[in-house]
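[1] following is a predicted model, sequence given first.
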Amino acid sequence: MVLRCRYSVKIYLQKESILFYIGLCCFLNLIISCSEEPIQANLSNINSDIDTLLITNITGFNYQISPDINSHNKLYVGSYGEYKFLSSLFNFSSNGWSTFFDSTITLDSIHFKLFSKDSLTEENINLNLYFTTDSIFNESSSLASELSNISFDEWINLGIPSIEVVIDSSDTVSTFQETVLKWDIGSLVETIIDTSTIHRTFSLSLPSGSNSFFELYSREYSSGSLDPKIEVYYRREIGSNPDSSVTDTLTRIIYVSEDISVIETLEIDDNGNNNILISRARGSRAILNIPFDSLSLPQYSVIRSANLSLFQPGDSLDNFSVRMDPLKFLPDSGSSIFNADPYENLGMYFSSATVASNKLQISLKSYFQSILMTDSLTNVGLKFSASTTNDLFENVNFDLSHIDNKLEIFYVSP
């Protein structure tokens, strides 16, 4: 009885195993068959439209701020065409001067140096250098209109520079490199090296009525070699025995920490209602109004491109770069002349483009797509200004009544 029972169980388990393996094989065969025969579908009938929105009623107006010419790679003093630069200012930080406040150090000479790309060979050049320990300016925040009334009556007059022309004679032909303007500022040693002195401010200016013009390198021009600087030559005694001590002759360079040119504000001419002028030296900017909001396109539309085209009258000015910034809000002001810019940027979605063949074409795609997607974002206006890469003295104007001005939007809607 026991043996028969064990045998019958064994037969039953063998049948179950066979059925399991047969089922597994059928399942794998089904999977393989499915992978060999993918589902066919026609994707060309998705319900979507590709369309164009054309906007031509573009309006705008000019406004003017105190010219923002900091972080420029040149410094100017004097008159250039219609522009007048009253002075150039330099500030040296408090760092680095403690080196010279040491009894083992003897100062041999100390000079203030500037560099120019022009070959300034005239004698007794009438550029005067002044010095004060007052805090006069901040490169990033001071306005030209605030600095235009500086009086140098209380400043120390350091006089005119000595001139040195640097010639590259490494080749068979000598080539002019730069001009060095150098002032001996030894009379300021005690004040300059004093660690309690917080501000060391210099100013470069011309006598009243002068018609000269000078272009100099600012601290943004190079990596240091042509920066405005103070050079100090000094000696250090090494060792306590006067008979056996060694003297090291050393040089220390203190680079300028801030520099800026002060330009006299020049009011822009009346261009009429249909022209806008963009200029750095004049501080001229423009606000454009383009009728576009979240309802301008069908819901869930995707913008493929949104290009604004503006044309300028007269001769072409190529390679002038224009920056576009959406506004955060539109201030309620009836004025068009300001010290600081009252039109605050949104801080995102900006773009830039250069003028070519009398035409500026600039993309608004990112900004307008965000308007469609973000309920809290409203198009209150677009600010147009000159990019900091432009020549300071160039400007461009656009005719808002030009027949070819347009905003062309290509979009896909569901």
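    Done, it's in. Numbering: from 1, shown residues only.

[2] burial of residue 400, as a residue count?
    21 (other CB atoms under 10 Å). Every residue, glycine included, has its C-beta placed from N, CA and C.

[3] what about it, distance to residue 325?
    Using CB to CB, to the nearest Å, one obtains 19 Å as the distance from residue 400 to residue 325.

[4] residues contacting stretch 216-228, please?
    Outside of stretch 216-228, the residues within contact range by CB atoms under 8 Å, 6 or more residues apart in numbering are 71-77, 88, 90, 112-117, 178, 181, 204, 255-259.

[5] what subset of those is buried?
    72, 74-77, 88, 90, 112-116, 178, 181, 204, 256, 258-259 (16 or more other CB atoms under 10 Å).

[6] let me see the ranges of the helices in the stretch 51-200 of the chain.
    Per DSSP state H, counting those that start in this stretch, the stretch 51-200 of the chain has helices spanning 144-147, 189-193. These are given in chain order.

[7] tell me the mean pLDDT over stretch 125-142?
    Stretch 125-142 shows a mean pLDDT of 92 in the predicted model.

[8] identify the residues contacting that stretch?
    By CB under 8 Å, 6+ apart, the residues outside stretch 125-142 that reach it are 70-71, 77, 89, 91, 112, 147, 150, 152, 154-161, 163, 181, 183, 185, 188, 191, 197-207, 210, 212, 214, 258-260.

[9] take it, keep the C-alpha atoms, and write them as PDB.
    The C-alpha coordinates for stretch 125-142 follow below in PDB (Å, rounded to 0.1, in the frame of the first residue of the first chain):
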ATOM      1  CA  ILE A 125      50.500 118.400 -22.400                       C
ATOM      2  CA  ASN A 126      47.800 120.200 -20.400                       C
ATOM      3  CA  LEU A 127      46.300 117.200 -18.600                       C
ATOM      4  CA  ASN A 128      46.200 117.900 -14.900                       C
ATOM      5  CA  LEU A 129      46.000 115.200 -12.200                       C
ATOM      6  CA  TYR A 130      44.300 115.900  -8.900                       C
ATOM      7  CA  PHE A 131      44.100 114.000  -5.700                       C
ATOM      8  CA  THR A 132      41.700 113.700  -2.700                       C
ATOM      9  CA  THR A 133      41.000 111.400   0.200                       C
ATOM     10  CA  ASP A 134      37.200 111.900  -0.200                       C
ATOM     11  CA  SER A 135      34.800 109.300  -1.500                       C
ATOM     12  CA  ILE A 136      33.800 110.800  -4.800                       C
ATOM     13  CA  PHE A 137      32.300 108.000  -6.900                       C
ATOM     14  CA  ASN A 138      31.200 104.400  -7.200                       C
ATOM     15  CA  GLU A 139      31.900 102.900 -10.600                       C
ATOM     16  CA  SER A 140      28.800 100.700 -10.700                       C
ATOM     17  CA  SER A 141      26.200 103.200  -9.300                       C
ATOM     18  CA  SER A 142      27.400 106.800  -9.700                       C
END
